[in-house]
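A.B. asks: Whatever this is, show me its structure:
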Amino acid sequence: MSISDTDSTTPRRNFYGRLKGKTLNARQRQDFDEVLPDFLLDGVSREDNPERVMLDIDTIVQGKPLWLEVGFGSGEHLVHQAKSNPDVQFIGCEIYVNGVASLLGKIRREGVSNIVIHPGDARDLLDVLPANSLDKMFLLYPDPWPKARHHRRRFVTPEHLDPLAKKLKSGHEFRVATDIEDYVRQTLEEVPPAGFKLTENPADLGTPWDDWFSTRYEQKALREGRSPHYMTFIRD
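C.D. replies: Predicted structure coming up:
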């Protein structure tokens, strides 16, 4: 696994989030050595694919629908969806090393096989996904970047939304969940102009999806009095 998003031949991209937390334990290090190679999505990083050649998506999906979760955290929702939808191929994207370690442990314990992992910057993945290749996209409790001067770092900005709009098939879902009121505001302001239509009434965003899996992060938010919002956008 590489957490670098640049090499000597490609323009540098700034990344502002945390890359790593506490030191991985022996079992987690073993999972990186033994589990990740079987689930790693090759040809995405800018050092492995400096020419930004598009992925051979047919080889990846093998006729299945393709769903993407960006920023999968510890992988709870991603593994739940993969187990519930064995006929779907999933890509999980997460740059935080400890989150990737958590997902690998869940994959090993649960025995799921329909996930591939990009342990890096989502922008690098969107670079090399062919147009109209995604059938569904999840953005769940993304980093809120609460300070106003940092709002441009949020995922719901044109830097991410414009390429996403090209990769998601017309008429298909982009789901966003957050417990941060200002993130809701920015999502509702910036996602529709990128080519998406909100399916719910903006005044009624508190109902989770029928197949929703409430993560530990969401349970913490509820305990602390924050209200989750669930937004479904359809690609126009």
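A.B. asks: only C-alpha atoms for contact and neighbour calcs from this point on.
C.D. replies: Fine.
A.B. asks: the strands in the protein, which residues?
C.D. replies: 66-70, 89-93, 115-118, 134-140, 168-178, 196-198, 229-235 (DSSP state E).
A.B. asks: Can you add mean neighbour count, mean pLDDT and distance to residue 185 and give the ones you listed back as CSV?
C.D. replies: Shown next, in CSV, are the strands of the chain (neighbours: other Cα atoms under 10 Å; pLDDT from 0 to 100; distance: least, Cα to Cα, whole Å):
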stretch, mean neighbour count, mean pLDDT, distance to residue 185
strand 66-70, 22, 98, 20
strand 89-93, 25, 98, 24
strand 115-118, 23, 97, 29
strand 134-140, 21, 98, 15
strand 168-178, 20, 98, 11
strand 196-198, 19, 97, 13
strand 229-235, 21, 98, 11
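A.B. asks: So which of those strands is nearest residue 35?
C.D. replies: strand 115-118 (10.9 Å; Cα to Cα).
A.B. asks: packing partners for that closest one?
C.D. replies: When contacts are defined as 3 or more Cα pairs under 8 Å, 6 or more residues apart in numbering; DSSP states H and E, strand 115-118 packs onto helix 36-39, strand 89-93.
A.B. asks: for the strands of the chain, which one sits closest to residue 151?
C.D. replies: Comparing the strands of the chain under Cα to Cα, the one sitting nearest is strand 168-178, at 14.5 Å.
A.B. asks: Other residues contacting that closest one?
C.D. replies: Residues outside strand 168-178 that contact it (Cα atoms under 8 Å, 6 or more residues apart in numbering) are 131-142, 184, 228-236.
A.B. asks: just stretch 91-102 next, same as before
C.D. replies: The set of residues external to stretch 91-102 that reach it, using Cα under 8 Å, 6+ apart, is 3, 18-22, 24, 28-29, 31-32, 66-75, 78, 115-122.
A.B. asks: Give me the distance from it to the chain's centre.
C.D. replies: 9 Å (Cα atoms, centre = their mean, to the nearest Å).
A.B. asks: what do you get for stretch 225-236?
C.D. replies: 15 Å.
A.B. asks: And it, end to end?
C.D. replies: Length of stretch 225-236, first residue to last, Cα to Cα, to the nearest Å: 35 Å.
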